[in-house]
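>>> coords please:
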Amino acid sequence: MSRRGFRAWWAGGTALALSLGVASGAHAQSAPEVAEELRRLRATLDAQAAQLAAQQAALTEQQQRLDAQAAEIEKLRSLDAASLDAMRGTGGPGIPYAAFGQAAAPMAGPARELARPVPSPEAPVAQSAEALPQQPVGEAPPETKPVPVEAIPEGAGVLTPRGVFVVEPQLDFTHGSSNRLVFRGIEIVPGIQIGVIEANDADRDTISAAAAFRYGLTNRIEVEARIPWLYRKDRVTTVQQRDDQVARTIELDGSDIGDVEVSARYQINDGRSGKWPVFVAGLRVKSDTGRGPFDVDRDPLGVATELATGSGFWGVEPSVSFLYPSDPAVIFGSLSYLAHLSKDINEDFGDGVTVGRVDPGDAINASIGFGFALNDRFSYSLGYRHSYIFETDTELNGTTFGSNEVQVGALTFGMSYALARRYSLNATFDIGVTDDAPDVRVGLRLPIRF
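Below you'll find the predicted structure:
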């Protein structure tokens, strides 16, 4: 090898060795940096995974809240409201015509659950990491639930929601009694009487079984039909004190269909502002399908041998009712006017008595009370109902006679228990507080929603 070739070989080998040494040194210096970069990447991935987990937890919680709200809305829509419903004007309950002996047993039922406006769902959770909380999501505040007040009497509850059909079997028992002492004669001087002392003891029982059907045309309009069947029994004992004591007992009964009724109710406002109650206007029409007092069988002397199961006259009752939520109670009330249509009887009833035109007394009905929910299944109500019945004009042998006006007042108590989502059992109790009111009335209702 020449000297020039050796020098070239030596220079190339030296350069190669130097380049390999430099490369090896460079490789040894970059390894820690790569490890640190990997650690940073893993930390970033872990942070993103934690954020995604927080996002998923927040979405799951929100979905649960939305599902709960949807279930609550569906529950409210399935209930009746006023009720009245929301309102059932269940207009206000009417007093059947009582001047001819029909038991004064106004319709009473559950009123339906008062639904407050359900808050709108929250805005969806943003999908960007910047919009999500970096800390674990805390517990959501407890939701405010509506106050269920099923025990509100019919005519003061929430109206039937749109498209919901309600079948309501009803059973009522009414008992009334009276004890009166009457002197038939004259009193010549104080303490000296000439005539007959007569004592009357009357017991009257009425059992009514009815089926009511309600349907919500819209969320503010509902229609209803009610078909009753009645059984009545009276036992009247009369004792006359003359020279000797004479006692006579008369027992009468009767059973047949009662007066079929149809009604419509309209919720005037929604009451969501909280400043005004929910108002419901109603109109009830009562037919004369029951056997009236002039339709029953009589003996040759014109004395009835059975009892009537209806008033015998058509009636129209406009009404207005209100329902005002005041947590935790609900205040309700109603006012109505029952107008009876007069009718020409033109029949002879023995002993030369001819009954001509009869104009039954109209009635003003009012009620007030409150309902209270102890929990989501049980509620009760307390109230007072009063009816003022005007005099009845009856034409006898061409002469018109007027009867006395009647005052019917009763304290009311109601209870309701939700058996299931579609069923609830309602009980009502009326205690008479005036002379003309029945002593007690007990009613059971079982509304079934479809």
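
>>> Gly369: helix or strand, and which one exactly?
Here Gly369, judged by DSSP states H and E, is contained in strand 363-373.

>>> Can you name every helix or strand that that strand contacts?
strand 329-340, strand 378-389, strand 406-418 (3 or more Cβ pairs under 8 Å, 6 or more residues apart in numbering; DSSP states H and E). All C-beta atoms are positioned from the backbone trio N, CA, C, and that covers glycine.

>>> what mean pLDDT would you report for that strand?
The predicted model assigns strand 363-373 a mean pLDDT of 95.

>>> what about the helices in the chain?
3-78 (DSSP state H).

>>> before we move on, back to that, can you say which of the helices and strands packed on strand 363-373 is nearest to Val355?
Across the helices and strands packed on strand 363-373, the minimum distance to Val355, taken as Cβ to Cβ, is reached by strand 329-340, at 16.0 Å.

>>> who does that closest one pair up with?
As defined by DSSP bridges, the strand partners of strand 329-340 come to strand 315-326 (antiparallel), strand 363-373 (antiparallel).

>>> which of the residues in that strand are buried?
Ala329, Val330, Ile331, Phe332, Gly333, Ser334, Leu335, Ser336, Tyr337, Leu338, His340 (16 or more other Cβ atoms under 10 Å).

>>> and of those residues, the nearest to Ala199?
For the buried residues of strand 329-340, the nearest to Ala199 is His340 (32.8 Å; Cβ to Cβ).

>>> okay, the strands paired with strand 329-340 in JSON lines with distance to Tyr417 and mean neighbour count next?
Below are these laid out as JSON lines (distance: least, Cβ to Cβ, whole Å; neighbours: other Cβ atoms under 10 Å):
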{"stretch": "strand 315-326", "distance to Tyr417": "21", "mean neighbour count": "22"}
{"stretch": "strand 363-373", "distance to Tyr417": "11", "mean neighbour count": "21"}
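
>>> could you dump the ones you listed to JSON lines with distance to Gly302?
As requested, the strands paired with strand 329-340 are arranged in JSON lines below (distance: least, Cβ to Cβ, whole Å):
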{"stretch": "strand 315-326", "distance to Gly302": "26"}
{"stretch": "strand 363-373", "distance to Gly302": "27"}
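
>>> nearest to Val296, of these?
strand 315-326 (19.4 Å).

>>> Can you list the low-confidence ranges for the stretch 101-250 of the chain?
The stretch 101-250 of the chain contains residues with pLDDT under 70 at 101-158, 182-197, 240-245.

>>> Can you verify my assumption that Ser321 contacts Arg284?
No. Using Cβ atoms under 8 Å, Ser321 makes no contact with Arg284, being 11.8 Å away.

>>> returning to that earlier point: looking at the buried residues of strand 329-340, which is nearest Phe372?
For the buried residues of strand 329-340, the nearest to Phe372 is Ala329 (4.9 Å; Cβ to Cβ).

>>> Distance-wise, check that closest one relative to Gln267.
20 Å (Cβ to Cβ, to the nearest Å).

>>> Gly443 too?
25 Å.

>>> More neighbours: which of these two?
Gln267 (27 against 24; other Cβ atoms under 10 Å).

>>> Check the gap between the more buried one and Glu391 for me.
35 Å.

>>> try Gly290
Distance from Gly290 to Glu391, by Cβ to Cβ: 22 Å.

>>> Settle it for me: which of the two has more neighbours?
Taking other Cβ under 10 Å, Gly290 and Glu391 do not tie; Gly290 has more neighbours (23 against 16).

>>> give the contact list for that one.
Neighbour list for Gly290: Pro228, Leu230, Asp256, Ile257, Gly258, Asp259, Ala308, Thr309, Gly310, Ser311, Gly312 [criterion: Cβ atoms under 8 Å, 6 or more residues apart in numbering].

>>> swap in Leu446?
Here Leu446 is in contact with Glu168, Pro169, Tyr423, Ser424, Leu425, Asn426 (criterion: Cβ under 8 Å, 6+ apart).

>>> Show the buried residues in these.
Glu168, Ser424, Asn426.

>>> For the first one, give the beta-bridge partners.
In this case it means Glu168. Counting by DSSP bridges, the residues bridging with Glu168 are Ala212.

>>> I figured it hits Ala212, correct?
Yes. With contact defined as Cβ under 8 Å, Glu168 reaches Ala212; the gap is 4.3 Å.

>>> Need the per-residue pLDDT for the spatially closest residue to Gly361 that is not a sequence neighbour.
Spatially, and ignoring its direct neighbours in sequence, Gly361 is nearest to Phe390 (4.0 Å; Cβ to Cβ, 6 or more residues apart in numbering). pLDDT, Phe390: 96.

>>> where's Phe390 relative to Gln407, distance?
Here Phe390 is placed at a distance of 11 Å from Gln407 (Cβ to Cβ).

>>> the more surrounded of these two?
Phe390 (17 against 14).
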